[in-house]
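Visitor: need a 3D model of the following:
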Amino acid sequence: MSEPLLTLEIEKLVAGGLGLARDDSGVVLVRGALPGERVTAEVRPGKGVRQGRVTEILRRSPDRVDAPDLPTADLAHASYAAQLEYKRGFVQEALQRIAKMQHEVEPTVASPQEWNYRNTAQYLITPQGFAYRERRGSGPLVFEKDPLVMPQIQAILDKLDPQQLDPATEIAFRASTLTGEVVAALIGAGEPKKFLRASDHLMDAGVAGVSLAEPAGKRFSAGVRLIAGENDILEQFGDVQVRVSAAGFAQVNPPAAGLAYAHAAQLAGKGDHAADLYGGAGAIARHLAPNFRRVTVLDTSAEALARGRQDVAAAGLKNVTYRHGDAAEFAEMGADVIVVDPPRAGLDETARQHIQHSTADRLVYISCDPATWARDVGELARYGWKLGSVTPHDFYPQTSHIEIVSVLNR
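Guide: All right, here's what the predicted structure looks like:
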C-alpha cells in the first residue's frame, strides 16, 4: 500500500535537515525540502509528528541546487551559503526551545572545503560493491563514488574488489590530509589469519596499514588488532600534529576542526591549570598548552590516551598529562578552566554537578549536538553560569550536522 501524497508549504528547516510543514492533522517533517518551497510529499501516516519525503517540487527555493541523492548528504540540495545560515538557525532554535534563552549566535564558520573533506568513512561490503547503510530503507545502497571523502580514500576504493575482502562484512578507512596516507580496519568475525588475503589486497591497493575489528554493537568496542603495516598515521589539527587510526575517534574534517580548536583555546584564555574532559588524544589540550602551566586530559579510551601520550612525548611537551577516567571523576583536579567536548549525549547530570562544584570559573563547551548542548547550557545557566559567545563551526558540509564552540563564565 503506497503512502499518501500531500501538498505542503515548507515553513522552515529543523534539526536533521527536515522541512517543517503543517496541515489539518498537524506537523509534517519532510526530507529533501527547503524553506519557502511548495512540495508534494509522500508521508507516512501515524500519530504525532509525521515524516515524509519530497516527490515533486511545485515551487523551488532560490537556495536549491542540484545534488547527489545520498543518505550521507541530507543537506546537499541547498547552496553552501544557505547551509551555513540554516545551521546557525538550528543552534538559535535549540537555545530558544530547549534552554529557554534568547542569546546571540555568531555566523557559522565555514569549512575550508565543501566536498571531499572527510578523512574517514565506513562502508558495508556487499557482493555488488561497497555500500552505505540506507537510512531511509532496509537495504544497503551501493555506490561507485563518494563525494564527501578525501580523494585518497576514493583512490583506494577504485582499486579494490569487494569479493577479495571476504569474510569481512564492513571496512573503515582513515586518511591523512597531512601525509596523504590511508589506513584501513576490516570488520568481521574470526581469527586474523582468515583475513590475510583481504589484508594483502588492501596493502596492494596502497593502504599503509590494516587492522581487524570484531563486529560489536558499539563501534570497535570488541577490540582491534593490527594485521599488517602501520596502526596509525600523522594528521594536522590546527597548530598540532596527532596520530589517528582507522578505528579510533578523531574529527573527520581536520582543517575545520583545527579552526574550532584554535577558537576554543582563545576562549579558554590563560591560567594555571586547564582540564580537558572527553579529551581523547589531546588535540584540544595541546592548543591550550601554550597558555597554561599544566593541562590535564581525561578520557575513557585507553587507545586515544596512548596515542596522545606518544604525541606529546614526540613533541617534547612537559605540561600535558593524560588520565583514564570518566568526566565525573575530575573534581579533585583544581582546574581554573574546564574544556568539554562530550559525545552526542552531552554532559550527564553527575558531570554537570561536578562542573558546578569545581574551582573553575570558565567553561569552554564544544558540542556536536545543538539539542543536548542547549539542555546543558540551560541547566548551567540556572546554576549561575553566564553564557558568552556561541559560534557554530561547520565540520560536515552537505549534511545537517553542526559543531558549536561556546563559553560560559561565572
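Visitor: going forward, measure contacts and count neighbours with C-alpha atoms only.
Guide: Will do.
Visitor: state which strand of the chain is the longest.
Guide: In the chain, assigned by DSSP state E, the strand with the most residues is strand 50-59.
Visitor: output that strand as CSV, nothing but the C-alphas.
Guide: C-alpha atoms of strand 50-59 as CSV (Å, rounded to 0.1, in the frame of the first residue of the first chain):
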residue,chain,number,x,y,z
ARG,A,50,4.6,12.6,10.7
GLN,A,51,7.5,12.3,8.4
GLY,A,52,7.8,12.1,4.6
ARG,A,53,9.9,12.8,1.6
VAL,A,54,9.7,15.1,-1.4
THR,A,55,8.3,13.6,-4.6
GLU,A,56,7.8,16.8,-6.6
ILE,A,57,8.8,20.4,-6.1
LEU,A,58,6.0,22.7,-7.1
ARG,A,59,7.7,26.0,-6.1
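Visitor: next SSE after that strand?
Guide: With elements assigned by DSSP states H and E, the helix or strand that comes after strand 50-59 is helix 80-94.
Visitor: coming back round to it: list the buried residues of the longest strand of the chain.
Guide: Judged by neighbour count (16 or more other C-alpha atoms under 10 Å), strand 50-59 contains these buried residues: R50, Q51, G52, R53, V54, T55, I57.
Visitor: among those residues, find me the one that's closest to D166.
Guide: The nearest member of the buried residues of strand 50-59 to D166, counting by C-alpha to C-alpha, is R53 at 35.7 Å.
Visitor: wait, doesn't that closest one sit right on R44?
Guide: No. Contact criterion C-alpha atoms under 8 Å: R53 and R44 do not qualify, at 9.0 Å.
Visitor: which residues does the residue lying closest to A306 once chain neighbours are set aside contact?
Guide: The shortest distance from A306 to any non-neighbouring residue, by C-alpha to C-alpha, 6 or more residues apart in numbering, is to A281 (7.5 Å). Taking C-alpha atoms under 8 Å, 6 or more residues apart in numbering as the contact definition, A281 lies against V242, A304, L305, A306, R307, G308, R309.
Visitor: any idea of the pLDDT on A281?
Guide: A281 is assigned a pLDDT of 90 by the prediction.
Visitor: spell out the secondary structure type for it.
Guide: In three-state terms, and counting by DSSP: H, G, I helix; E, B strand; the rest coil, A281 is coil.
Visitor: what sits closest to V27 if chain neighbours are left out?
Guide: Closest residue to V27 apart from its sequence neighbours, by C-alpha to C-alpha, 6+ apart: V49 at 5.4 Å.
Visitor: in this structure the one you found contacts S25, no?
Guide: No. V49 sits out of contact with S25 when judged by C-alpha under 8 Å, with a separation of 9.2 Å.
Visitor: show me where the stretch 51-200 of the chain has strands.
Guide: Counting by DSSP state E, counting those that start in this stretch, residue ranges of the strands within the stretch 51-200 of the chain are 120-126, 129-132, 141-142, 170-175, 182-187.
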